[in-house]
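Enquirer: structure for this input, please:
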Amino acid sequence: MLSFSPWAEVALKSLYWRSSFVHGLLSSRSRPRKYGTTLSDASTIDFARVQEALDTLGASRTGLMVVHSSSVALAPTGLTAKNICHRLLDYLGPQGTLAMPAIPLYRDEPTGPERLSDVICSKRLTYDVRRSPPWTGALPKALMSTQGAVRSRHPLNTMVATGPKAVAMMANNIDGHCPLPCGPHSSWKYCADNDAAIVCLGVDSAHSLTMIHVAEDCWSQEWPVANWYRERLFHVKDGDFETNLTVLERRPRWAINYAERTLQKDLLRLGIIQFREVGGIRIEVCSSAKLIDYLCSKRASAYPYWLPFWDKGSK
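Expert: Prediction:
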């Protein structure tokens, strides 16, 4: 229903995020959307079938995968998160690189409508590259403990990866003045430049395309909307390495204008996203290069954000 009209989606999101009562009511009754069989069906799906679907969808074509996942949706395979990471690495082979979002959980980070406030911008949060737990699921946490895994030092939209490209992917993530989480030196831009396959295993791609922000962050001077970013303060620790860091973050208010269902519908229609279902587990694969090319072609309208006329072209 939401994909039918982006304006309806934006209107509902605005009500959700700007009303503490509505946000609390809906949050207490909702759960993140996952595609998978129930836990009572555990151990009924051979993971080899998932690998076959990935092959059919061309996930290993470039030898680089960015995987968004739900361990709950994958539970019917009977594998632990670490087992699944190893199976994915085996699938890619020794020349392949596996990456996942490993975004840190910050205790002081506001939730709900409070996220729209800039109060958090005056607080310096600590990000420990090796110890800060990710909120993005059990698989990224398991991948972090894999031998040779490298995690980005950027405290926002953080990634973890292992494989031949992992070190280069993370090498320069906090270079430059106020580095952007998906900016020119980011792991996300590296993956887009190398046409990584974005793979969704049991999660909805509408919620999981962090890669879209490359089209904003790497061409921020050309982005048509003013006041898109705000500054955030962090203390970054990585073993003996420590630094105070100021980064830019997209203002959370703009997430209200993100018509994710319309974007997903368009990407499916154009074949940029393709999918299969294996025993109730939905598997989606998206070419990052094609995604960024498509978003850049529509940058002048701020797509996939639906904005009132007074915001468009205001920069």
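Enquirer: extract the residue ranges of the protein that are flagged as low pLDDT.
Expert: Applying pLDDT under 70 to the chain flags the ranges 1-4, 7, 16-43, 309-315.
Enquirer: so who does the nearest residue to residue 87 once chain neighbours are set aside touch?
Expert: Nearest in space to residue 87, with sequence neighbours left out and distances taken as CB to CB, 6 or more residues apart in numbering, is residue 47 at 5.4 Å. In short, each C-beta sits where N, CA and C put it, glycine included. Neighbour list for residue 47: 77, 79, 84, 87 [criterion: CB atoms under 8 Å, 6 or more residues apart in numbering].
Enquirer: repeat that for 7 Å
Expert: Residues in contact with residue 47, defined by CB atoms under 7 Å, 6 or more residues apart in numbering, are 77, 79, 87.
Enquirer: so what's the backbone phi/psi at it?
Expert: When read as degrees, to the nearest 10, the backbone of residue 47 gives phi -60, psi -20.
Enquirer: what about the residue nearest the centre of the chain, distance to residue 235?
Expert: Among the residues of the chain, the one closest to the centroid is residue 210, at 3.2 Å (CA atoms, centre = their mean). According to CB to CB, to the nearest Å, residue 210 and residue 235 sit 23 Å apart.
Enquirer: please enumerate the helices of the chain.
Expert: Using DSSP state H, the helices of the chain run over 6-18, 20-29, 47-56, 81-92, 138-144, 166-170, 187-193, 205-208, 214-217, 260-270, 288-297.
Enquirer: ok, residues contacting the fifth one?
Expert: It stands for helix 138-144. 67, 69, 71, 81-82, 84-85, 98, 100-102, 133-134, 149, 151, 160, 162.
Enquirer: how far is it from where the chain is centred?
Expert: Centroid separation for helix 138-144 versus its chain: 15 Å, with CA atoms, centre = their mean, to the nearest Å.
Enquirer: and for the last one?
Expert: Taking the mean C-alpha point of helix 288-297 and that of its whole chain, the gap between them comes to 16 Å (CA atoms, centre = their mean).
Enquirer: C-alpha coordinates for it, PDB please?
Expert: Taking Å, rounded to 0.1, in the frame of the first residue of the first chain, the C-alpha atoms of helix 288-297 are listed here in PDB:
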ATOM      1  CA  SER A 288      25.700  -1.400  -6.100                       C
ATOM      2  CA  ALA A 289      27.100   0.200  -9.200                       C
ATOM      3  CA  LYS A 290      23.700   0.200 -11.000                       C
ATOM      4  CA  LEU A 291      22.000   1.400  -7.800                       C
ATOM      5  CA  ILE A 292      24.300   4.500  -7.500                       C
ATOM      6  CA  ASP A 293      24.100   5.200 -11.300                       C
ATOM      7  CA  TYR A 294      20.300   5.200 -11.100                       C
ATOM      8  CA  LEU A 295      20.200   7.400  -8.000                       C
ATOM      9  CA  CYS A 296      22.700   9.900  -9.500                       C
ATOM     10  CA  SER A 297      20.500  10.200 -12.600                       C
END
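Enquirer: what is it packed up against?
Expert: helix 187-193, helix 214-217 (3 or more CB pairs under 7 Å, 6 or more residues apart in numbering; DSSP states H and E).
Enquirer: contact partners of it?
Expert: 191-192, 195-196, 198, 211-212, 214-215, 219, 270, 272, 303.
Enquirer: drop anything exposed from those residues.
Expert: Among the contacts of helix 288-297, those classed as buried by 16 or more other CB atoms under 10 Å are 191, 192, 196, 198, 211, 212, 214, 215, 272, 303.
Enquirer: which residues touch the closest residue to residue 135 other than its chain neighbours?
Expert: Here the nearest residue to residue 135 in space, its sequence neighbours aside, is residue 105; by CB to CB, 6+ apart that works out to 4.1 Å. By CB under 7 Å, 6+ apart, residue 105 lies in contact with 132, 133, 134, 135.
Enquirer: so the last one is in contact with residue 106, correct?
Expert: In this case it means residue 135. No. Contact criterion CB atoms under 7 Å: residue 135 and residue 106 do not qualify, at 8.9 Å.
Enquirer: who has more neighbours, these two?
Expert: In this view residue 135 and residue 106 are compared by other CB atoms under 10 Å, and residue 106 has more residues nearby, 17 against 14.
Enquirer: list the residues that contact that one.
Expert: Contact analysis of residue 106 by CB under 7 Å, 6+ apart lists residue 125.
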